[in-house]
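Chemist: need a structure here:
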Amino acid sequence: MIVIPPGAFMMGATQESSRFPYDMFGKDATFRQRARDEIHIIRNEHPRHLVEMDIPYAIGRNELTHAEWMVCVEAGGCSHVPDHRTLSQRGYVSLGPDHPVINVSFLDAVEFADWVNSQVGDDVYRLPTEAEWEYAARAGTTTRFAQGDDLDSTQANFLGRVTEQTLGVPLPHLKNRDTVVAVDELDAANGWGVRHMSGNVWEFTRSCWSDEHLGLPTDSAYLARTQTCPVNANAHRRVAKGGGFQSGMDNLRPARRTRPSETSRRDFTGFRLIREFKTESK
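Modeler: Residues are numbered from 1 along each chain as shown. Next up, the predicted model:
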């Protein structure tokens with residue numbers, strides 16, 4: 001795990017961050033294609049706001065691997081044995097032990113964290129809030145991605161053809177791997193050494209879904225709001241972030257959010273844990 005430095009950051013997207021040209025996110029979506037000179041706002045990424053990171057933590061360098069998951073299964077701590085294949089244009093692709101675990105749900109991930117805590121004898125491991133995830137993904141940057149305003153296929157695992165379709169321009173230098181890569185593949189680390197925060201698999205956070213950012217001022221406030229999801233149309237949905245191997249580049253931005261259900265298991269979704277450091281009261 002990598003210890004994340006303390007600080008604060010601007011959470012969410014700037015107005016010009018998204019290049020996705022279709023108005024299809026949010027209750028007022030028209031599903032039309034915007035003109036090239038229009039600002040592309042995805043409303044669930046707003047409002048952009050300052051968050052003070054007041055909980056010290058470390059985050060997994062990599063997405064949790066299938067091998068790590070199976071240790072929990074074999075120990076009796078995890079009840080679900082996930083299908084370790086992705087579906088691509090060439091059929092099902094079998095993955096290895098060092099690929100991210102996929103086809104696990106939010107509730108499965110919570111079960112894994114509970115098992116790890118039982119092994120260490122303390123309640124210190126958990127899924128990150130979306131604030132903790134985004135802060136670690138940005139690694140002190142304010143660009144569209146931690147590596148800059150664009151990515152290439154050596155830095156992240158995503159689909160070039162979807163990116164071409166989204167932007168409406170040919171990008172022959174981008175690859176179409178059509179499957180997950182192992183966690184140690186590609187030059188995928190950000191400036192803090194955290195790998196594959198953009199691409200490869202979407203990652204569950206513990207945050208409840210909201211149609212817009214809550215605008216909370218601190219990480220501890222975001223954590224407090226994860227205890228019980230509001231009872232509304234989004235109940236039992238959590239925030240996932242990072243984009244996956246089947247995504248276009250725009251979905252890999254640290255500001256991007258999506259809303260899987262707590263029981264959803266997909267071949268493009270995994271997770272990583274954080275370790276919260278307890279502070280001694282004075």
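
Chemist: If I look at Pro97, what pLDDT would I see?
Modeler: You'll see Pro97 listed with a pLDDT of 98.

Chemist: Return the distance of the closest residue to it other than its chain neighbours relative to Ile59.
Modeler: Closest residue to Pro97 in three dimensions, ignoring its sequence neighbours and counting by Cβ to Cβ, 6 or more residues apart in numbering: Ala67, at 3.7 Å. Using the backbone N, CA and C atoms, a C-beta is placed for each residue, glycine as well. Distance, Ala67 to Ile59, using Cβ to Cβ, to the nearest Å: 19 Å.

Chemist: quick check, Leu223 in a helix?
Modeler: Yes. Counting by DSSP: H, G, I helix; E, B strand; the rest coil, Leu223 is part of a helix.

Chemist: Now do the contacts for it.
Modeler: 55, 129 (Cβ atoms under 8 Å, 6 or more residues apart in numbering).

Chemist: Specify the local secondary structure of Asp250.
Modeler: helix.

Chemist: residues in contact with it?
Modeler: Per Cβ under 8 Å, 6+ apart, neighbours of Asp250: 18-20, 163, 166, 256.

Chemist: List just the nearest of the residues you listed to Leu50.
Modeler: Arg256 (19.4 Å; Cβ to Cβ).

Chemist: Quick check: phi and psi on that closest one?
Modeler: Backbone torsions for Arg256, taken as degrees, to the nearest 10, come to phi -70, psi 140.

Chemist: isn't it right up against Val239?
Modeler: No. If you go by Cβ atoms under 8 Å, Arg256 and Val239 don't touch, sitting 10.1 Å apart.

Chemist: circling back: if we look at the strand or helix carrying the residue nearest to Pro97, which residues are touching it?
Modeler: Taking DSSP states H and E as the criterion, Ala67 maps to helix 66-74. Contacts of helix 66-74 from elsewhere in the structure, counted by Cβ under 8 Å, 6+ apart, are 78-82, 84, 95-102, 104, 111-112, 115-116.

Chemist: quick one: the strands in this structure?
Modeler: 2-3, 7-11, 49-53, 57-59, 85-88, 91-94, 125-126, 202-208, 238-241, 269-270, 274-276 (DSSP state E).

Chemist: which stretch among those comes nearest Glu134?
Modeler: Once the strands of the chain are compared by Cβ to Cβ, strand 7-11 is nearest, at 5.7 Å.

Chemist: Can you tell me what sits against stretch 159-176?
Modeler: So stretch 159-176 is contacted by 19-21, 152-153, 158, 177-178, 245-250 (Cβ under 8 Å, 6+ apart).

Chemist: switch the cut-off to 10 Å
Modeler: Stretch 159-176 is contacted by residues 18-22, 33, 36, 88-89, 150-154, 157-158, 177-178, 199, 243-252 when judged by Cβ atoms under 10 Å, 6 or more residues apart in numbering.

Chemist: residues contacting the nearest residue to Trp115 once chain neighbours are set aside?
Modeler: Here the nearest residue to Trp115 in space, its sequence neighbours aside, is Gly77; by Cβ to Cβ, 6+ apart that works out to 3.0 Å. Contact analysis of Gly77 by Cβ under 10 Å, 6+ apart lists 71, 111-112, 114-116, 118-119.

Chemist: Let me know the pLDDT of Asn176.
Modeler: pLDDT, Asn176: 96.

Chemist: give me the number of residues near it?
Modeler: Using other Cβ atoms under 10 Å, Asn176 has 17 other residues around it.

Chemist: Any figure for the gap between it and Ser247?
Modeler: Asn176 is 12 Å from Ser247, by Cβ to Cβ.

Chemist: quick one: common contacting residues for these two?
Modeler: 158-159, 162-163.

Chemist: How far off centre is stretch 140-149?
Modeler: 15 Å (Cα atoms, centre = their mean, to the nearest Å).

Chemist: quick revisit: top of the contacts of Gly77 by neighbour count?
Modeler: Neighbour-wise, the contacts of Gly77 (other Cβ under 10 Å) top out at Phe112, 24 neighbours.

Chemist: related to what we said a few turns ago, please tabulate the contacts of Gly77 in JSON lines, including the columns pLDDT.
Modeler: Output for the contacts of Gly77, formatted as JSON lines (pLDDT from 0 to 100):
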{"residue": "Val71", "pLDDT": "98"}
{"residue": "Glu111", "pLDDT": "98"}
{"residue": "Phe112", "pLDDT": "98"}
{"residue": "Asp114", "pLDDT": "98"}
{"residue": "Trp115", "pLDDT": "98"}
{"residue": "Val116", "pLDDT": "98"}
{"residue": "Ser118", "pLDDT": "98"}
{"residue": "Gln119", "pLDDT": "97"}
